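Visitor: Sequence first, then the predicted structure, then my questions.
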Amino acid sequence: MADKSTSADETIAADAALLSEQLRGLRDRLFPPTAQKSLRTFSSGEAAKMIGVSDGYLRQLSIAGEGPQPDTGAGGRRFYSLSDINALRRHLSEQASLKGNVQKARSYVKWRDPAHEHLQVLAVTNFKGGSGKTTTSAHLAQYLALSGYRVLAIDLDPQASMSALFGYQPEIDLTGNDTLYGAIRYDDERRPLTEIIRRTYFDGLDLVPGNLELHEFEHTTPRMLASGTGRSTGEAGDFFFARIQSVLQSVADNYDVVVIDCPPQLGFLTLSALCAATSVIVTVHPQMLDVASMSQFLYMTSDLLSVVREAGGELNFDFLRYLITRYEPNDGPQTQIVGFLRAQFGERVLTAPMVKSTAVSDAGLTKQTLYEVGRDNFTRSTYDRALEALTAVNSEVEGLILDAWGRRTSQGSAT
């Protein structure tokens, strides 16, 4: 019980400070000595699978001295960093191009053609907590980076769970004006998005972190609307709902895919993210209360987006998909709900569900994803089942992205 001599706000502030300090100590112990995360290296077999060649061919390249040379461990085992793998992709793509095999070159380096393929902005959303939204966003962004795309992950949730997965403790590592709010705010303190984007330990994956300052957009936007301006003071006089779309265009040449982890509520941030999105994934936990909540979410989203459309906003999604998350195949009621959703929405429900797994939650204990921890940290069958389910989901999304670009769908190539 709290001390009655201490006010509630002081008690809560003390608890927040205590928890923050303990989390900082935990991070320092997990990632010494710099307290920064790093990505594991990959075996030659893993690297070959990611690139799309045989392990024997990768060995021949190493012997011939072509491309980056791997680190060698006990017994002559070869290990590659993700930057090594991406360098090999570029090397093989150049070789294929010299031979006139454009299709083969494209299979190694999957970057979009800016002349014909638009920046894919994928918003992951739901306004009910516990639906697996952040887990989905983080794993999808990492999968695409492992597959060779240039990815920007944006944490639009003030709770900053995705930022934590990437090694940031928002109240310590961010000093202010370091989130997307810094690029979309209405006053003179607005910053270019290029100054806010941070590199991560995943080669080819950058991050716009989040923290509590994102709430400011929810407070300042109504004031702007109430003032009668209706428009921002930003570039080209954009309406508030076009601000995220506008700043993303400023960095579009640097990326193929943007993955936005939306807040768990339907406010101005989420609405702006949906207006910037070219595609949307709605995460759904197959429980009846969650499905009922999803119904209300869809009604509210439809009403708000219709207002945006009437105000001149463009809303043309390449795809809208519902992703079943935390699915337990042996749970009868869950299976019935999944069948119900598929009957209602057909192909808009992704074929692959994200199966509930202790491997994912165990990895989260050390602020890691399943793509980071590696197979040796778990019972092999548990890890393999979880990775198979996760990669099935992400490769299906990758196929939808490729379809939106007009390419033939070729399923994913990450680990």
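Guide: Perfect, I can see it now. Residues are numbered from 1 along each chain as shown.
Visitor: use CA for all of it now, contacts and neighbours both
Guide: Will do.
Visitor: remind me which residues of the protein are low pLDDT?
Guide: Judged against pLDDT under 70, the low-scoring parts of the chain cover residues 1-36, 127-130, 228-238, 311-314, 408-415.
Visitor: burial measure for residue 323, as a count.
Guide: 25 (other CA atoms under 10 Å).
Visitor: roughly how far apart are it and residue 396?
Guide: Residue 323 sits 11 Å away from residue 396 when distances are taken as CA to CA, to the nearest Å.
Visitor: where do the contact lists of those two overlap?
Guide: 350, 352 (CA atoms under 8 Å, 6 or more residues apart in numbering).
Visitor: ranges for the strands of this structure?
Guide: Counting by DSSP state E, one finds strands in the chain at the ranges 42-43, 71-72, 78-80, 120-125, 151-155, 198-199, 205-208, 257-261, 279-284, 319-324.
Visitor: Ends of stretch 326-337, what's the gap?
Guide: End residues of stretch 326-337 are separated by 13 Å (CA to CA).
Visitor: gap between it and the chain center?
Guide: If you compare the mean C-alpha spot of stretch 326-337 with that of the full chain, they lie 26 Å apart, counting by CA atoms, centre = their mean, to the nearest Å.
Visitor: Residue 212: what's it in contact with?
Guide: Contacts here follow CA under 8 Å, 6+ apart; on that basis residue 212 touches 158-160.
Visitor: and if we set it to 6 Å?
Guide: Residues counted as contacts of residue 212 (CA atoms under 6 Å, 6 or more residues apart in numbering) are residue 158.
Visitor: if I look at it, how far off is residue 161?
Guide: With the distance defined as CA to CA, residue 212 ends up 11 Å from residue 161.
Visitor: just to revisit the earlier point, what would the strands of the chain look like in CSV with distance to residue 241?
Guide: Rendered in CSV, the data for the strands of the chain read as follows (distance: least, CA to CA, whole Å):
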stretch, distance to residue 241
strand 42-43, 42
strand 71-72, 48
strand 78-80, 43
strand 120-125, 14
strand 151-155, 17
strand 198-199, 24
strand 205-208, 19
strand 257-261, 15
strand 279-284, 16
strand 319-324, 19
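Visitor: can you tell me which of these comes nearest to residue 405?
Guide: Between residue 405 and those, the tightest spacing by CA to CA is seen for strand 120-125, at 8.7 Å.
Visitor: quick check, distance from the closest one to the centre of its chain.
Guide: Strand 120-125 has its average C-alpha position 8 Å from the chain's average C-alpha position, going by CA atoms, centre = their mean.
Visitor: Dump that strand to CSV, keeping only the CA atoms.
Guide: This file holds the C-alpha atoms of strand 120-125, laid out as CSV (Å, rounded to 0.1, in the frame of the first residue of the first chain):
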residue,chain,number,x,y,z
GLN,A,120,5.8,0.7,-49.8
VAL,A,121,4.5,2.2,-46.5
LEU,A,122,3.0,-0.6,-44.4
ALA,A,123,1.0,0.4,-41.3
VAL,A,124,0.5,-2.3,-38.7
THR,A,125,-2.4,-1.4,-36.5
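Visitor: elements contacting it?
Guide: On a contact count with 3 or more CA pairs under 6 Å, 6 or more residues apart in numbering; DSSP states H and E, strand 120-125 meets strand 257-261, strand 279-284.
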